[in-house]
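Student: One predicted model, sequence on top.
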Amino acid sequence: MSPKTEMTGQEMIDLARKHTFFEWTSQGKVDPLPVARAKGCYFWTPEGKRYLDFNSQSMCVNIGHGDERVIRAMQEQAEKLTYVSPFLVTEPRARLGEKLASITPGDIDIFFFTNGGAEANENAIKFARLYTGRHKILARYRSYHGATAGSIALTGDPRRWPCEPGLPGVVHVLDPYHGIERGWEDAKASLAMIEEVIQLEGPETVAAFILETVTGTNGILVPPDGYLEGVRELCTRYGILMIADEVMAGFGRTGEWFAVDHWKVVPDLMTLAKGLTSAYIPLGAVGLRRHIADYFKDHVFWSGLTYNSHPLACAAALATIEVYEQDDLIANARRMGRLMRELMLELEARHPSVGATRSIGLFGIVELVRNRQTREPLAPFNGTSPEMAALSAFFRREGLFTFVRWNYFFTNPPLSINERELREGFAIIDRALEITDRAVEQEVEASVRA
Ligand SMILES: Cc1ncc(COP(=O)(O)O)c(C=O)c1O
């Protein structure tokens, strides 16, 4: 059979497992969903089973699947010019730089294009080290910044552990959130800890502090008011560059163009990817404030990528940004975000296994507990449990696609979602949580017997 003919789902799985590698897992364990097509907030297997995409795939298909406007823009660009070396310029590159300058905060108005988020962070730290002449980078524990050598070293979560020792000079600091059992500390206490670390490390050795403005895979952690403003102030005071990783939180996900906009903070460098093209094609970017960019007028930027400023990707990004604007998707993220908050509060009221819900715009998470008094998570840090596995299997059976990780799962649908679709997703979640509620009941019965 020709490899080009349509395959069944099982054939796709078997062949892909035989000849392609899957990420973040041992290969024997993978159990992927086969996908044939996608439109709006849904995708379908070759056999026609429909899934509601409640995670925008990897929190990236922000405008929804199969938007004709982006597809047409890519087709038109492909017919004209698919590629030139990054030493040459093209119209999509020029226009995209200008457009991004108009939507990013403050005087961030010049961009270096990459293939994705990890490379954007790699280059951001390169910019910071070259500009400051310092070498240390502060990052937070509850963070993910990508899987390349430098970005995984910046990453705070356990995905870093097997990759160590990584980039020298990365120093991790604690977050204001300390997990479901210990909860939050206020901005003031958290900032004091960061300042203490800066002093202990030697401020004149620290080039940058990189942070996700609203943390993504490590828990949709919305910073307490005053926190990002305080980080900005500390960075300014000590001559440290603030790098906002907006790879996941950017492009409307939180109900503003960028998450920093909620607190009116202007970072020195900002990294972008995912929603930049809504993943129609890979593209990332580092945005720089003018005075930092100016330094490189007579200093070499020691970096490069064959696919820097790829014309097809830049054209896709321009069309994607036009879709956000034409369909007012950022306002829709705010509107649907308010409904999502209400639906989450209903879950908290109805289900004893719901320990916490957090959301900002359409960036949401549900954290599950075994016991509401002790707040013991339903799966340990960096682990899983039979209940979380059963929850995941239920979602899959019922046609809801989302990420289930440790003791939580995400609610990050495309920003184009409507009320009916959002309620459809939460109705499946409502039924699924009966599984995890049973674990709470068993815990209560066991404590009564004891
Ligand atoms: C906050 C953040 N930064 C960086 C990355 C890495 O992006 P990429 O996978 O495009 O390299 C991710 C990916 O999930 C992310 O969530």
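Tutor: Great, that's in hand.
Student: For stretch 93-102, what does the pLDDT average out to?
Tutor: In this model, stretch 93-102 carries a mean pLDDT of 98.
Student: Just checking the distance from the lowest-mean-pLDDT helix or strand in the chain to the centre of its chain.
Tutor: Least confident element among the helices and strands of the chain, by mean pLDDT, DSSP states H and E: helix 419-449 (a mean of 92). Put simply, helix 419-449 sits 26 Å off its chain's centre (C-alpha atoms, centre = their mean, to the nearest Å).
Student: Doesn't Val286 belong to a helix?
Tutor: No: using DSSP: H, G, I helix; E, B strand; the rest coil, the assignment for Val286 is strand, not a helix.
Student: May I have the beta-bridge partners of it?
Tutor: Phe112, Thr271 (DSSP bridges).
Student: where does it sit relative to the ligand, distance-wise?
Tutor: Computed with C-beta to the nearest ligand atom, to the nearest Å, the distance linking Val286 and the ligand is 12 Å. Bear in mind the C-beta positions are built from the backbone N, C-alpha and C, glycine included.
Student: contacting residues around that residue?
Tutor: Val286 is in contact with 111-112, 114, 120, 123-124, 127, 269-272, counting by C-beta atoms under 8 Å, 6 or more residues apart in numbering.
Student: I'd like the distance between it and Glu122.
Tutor: Look at Val286 and Glu122: by C-beta to C-beta, to the nearest Å, they are 9 Å apart.
Student: Identify the contacts common to the two.
Tutor: Each of Thr114 lies in contact with both Val286 and Glu122 under the rule C-beta under 8 Å, 6+ apart.
Student: that older thread, let me know the closest of the contacts of Val286 to Thr374.
Tutor: Taking C-beta to C-beta as the measure, Thr374 lies nearest Thr271 of these, at 38.1 Å.
Student: so who does the closest one touch?
Tutor: Contacts of Thr271 by C-beta under 8 Å, 6+ apart are 117, 120-121, 124, 243-247, 284-287.
Student: could you redo the last one with a cut-off of 6 Å?
Tutor: 120-121, 124, 245, 247, 286 (C-beta atoms under 6 Å, 6 or more residues apart in numbering).
Student: Tell me which residue in this protein sits closest to the ligand.
Tutor: In the chain, the residue that lies nearest the ligand is Gly117 (2.3 Å; C-beta to the nearest ligand atom).
Student: re the thing from before, show me which positions of the least confident helix or strand of the chain end up buried.
Tutor: Under the neighbour-count criterion of 16 or more other C-beta atoms under 10 Å, helix 419-449 has 421-422, 424-426, 428-429, 432-433, 435-437, 439-440, 443 buried.
Student: Tell me which two of the residues you listed sit farthest apart.
Tutor: Glu421 and Glu443 (34.1 Å).
Student: Next, count neighbours for Phe381.
Tutor: Look at Phe381: counted by other C-beta atoms under 10 Å, it has 12 neighbours.
Student: for Asp294, same thing?
Tutor: By other C-beta under 10 Å, the residues close to Asp294 number 12.
Student: Which of the three states applies to it?
Tutor: Secondary structure assignment for Asp294 (three-state DSSP): helix.
Student: mind listing what it touches?
Tutor: Applying C-beta under 6 Å, 6+ apart, no residues qualify as near Asp294.
Student: hang on, isn't Phe251 packed against Cys60?
Tutor: No: contact criterion C-beta atoms under 6 Å: Phe251 and Cys60 do not qualify, at 9.1 Å.
Student: Might one say that Pro158 is in contact with Gly383?
Tutor: No: using C-beta under 6 Å as the test, Pro158 is too far from Gly383 to be in contact (9.8 Å).
Student: what sits in contact with each of the two?
Tutor: With C-beta under 6 Å, 6+ apart, Pro158 and Gly383 have no common neighbours.
Student: Adjacent strands (with direction) for the top strand by length along the chain?
Tutor: Assignment by DSSP state E gives strand 363-371 as the longest strand of the chain. Strand 363-371 pairs in its sheet with strand 354-360 (antiparallel), strand 376-377 (antiparallel), strand 408-411 (antiparallel), by DSSP bridges.
Student: Can you lay out those as a markdown table showing distance to Thr277, mean neighbour count and mean pLDDT?
Tutor: Formatted as a markdown table, the strands paired with strand 363-371 follow (distance: least, C-beta to C-beta, whole Å; neighbours: other C-beta atoms under 10 Å; pLDDT from 0 to 100):
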| stretch | distance to Thr277 | mean neighbour count | mean pLDDT |
| --- | --- | --- | --- |
| strand 354-360 | 23 | 21 | 98 |
| strand 376-377 | 35 | 18 | 98 |
| strand 408-411 | 21 | 24 | 98 |
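Student: could you dump the ones you listed to TSV with distance to Leu211?
Tutor: Output for the strands paired with strand 363-371, formatted as TSV (distance: least, C-beta to C-beta, whole Å):
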stretch	distance to Leu211
strand 354-360	16
strand 376-377	24
strand 408-411	20
